[in-house]
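> Only the shape, not the letters, is given here:
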């Protein structure tokens, strides 16, 4: 499963970690020198959660980022999850058979 938040749309981003050496000019040195660049990944903080949806009267399991949780707190669970397409499909109700209707 991809590390992507379905609510915010954020995924893993790529960047660099810069290694520097030396004493800054502010501290009396000749300045910092870059000694290397290392590729790194900035990963999204995605957590599995059970979110209570009062309109449905049930919990919904989702993997969302912590920023996505803030969206749910601010705008409400039903509207945010419906917009992201994370709500379960409505189940069709069974028809009652003649034997169940008599009982």
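Looks like it came in fine. In this text, all values refer to a predicted model and were calculated from it rather than measured experimentally.
> what stretches of the protein score poorly on pLDDT?
For the chain, the stretches flagged by pLDDT under 70 are 91-94, 100-103.
> now the strands for it?
Under the criterion DSSP state E, strands of the chain are mapped to 13-21, 33-42, 46-53, 58-65.
> now, of these, which is deepest in the fold?
strand 58-65 (a mean of 17; mean count of other CB atoms under 10 Å). Every residue, glycine included, has its C-beta placed from N, CA and C.
> angle of that one against strand 46-53?
Angle, strand 58-65 to strand 46-53, by axes from the mean of the first three to the mean of the last three CA atoms, to 10 degrees: 150 degrees.
> gap between strand 58-65 and the chain center?
10 Å (CA atoms, centre = their mean, to the nearest Å).
> Against which helices or strands is that strand packed?
Secondary-structure packing of strand 58-65 (3 or more CB pairs under 8 Å, 6 or more residues apart in numbering; DSSP states H and E): strand 46-53, helix 77-84.
> Neighbouring strands - and their directions - for the first one?
Pairing partners of strand 46-53, with direction, according to DSSP bridges: strand 58-65 (antiparallel).
> Determine the angle, from 0 to 180 degrees, between the partner strand and helix 77-84.
Going by the same axes, to 10 degrees, strand 58-65 makes 60 degrees with helix 77-84.
> got a list of contacts for strand 58-65?
1, 5-8, 10, 44-53, 72, 77, 81, 86-88 (CB atoms under 8 Å, 6 or more residues apart in numbering).
> If we use 7 Å, what do you get?
5-8, 10, 44-53, 81, 86-88 (CB atoms under 7 Å, 6 or more residues apart in numbering).
> Then stretch 33-44?
With contact meaning CB under 7 Å, 6+ apart, stretch 33-44 is reached by 3-5, 10-22, 65.
> let's see it at 10 Å
2-5, 8-22, 64-68 (CB atoms under 10 Å, 6 or more residues apart in numbering).
> next one: it to chain centre, how far?
On CA atoms, centre = their mean, the centre of stretch 33-44 falls 24 Å from that of its chain.
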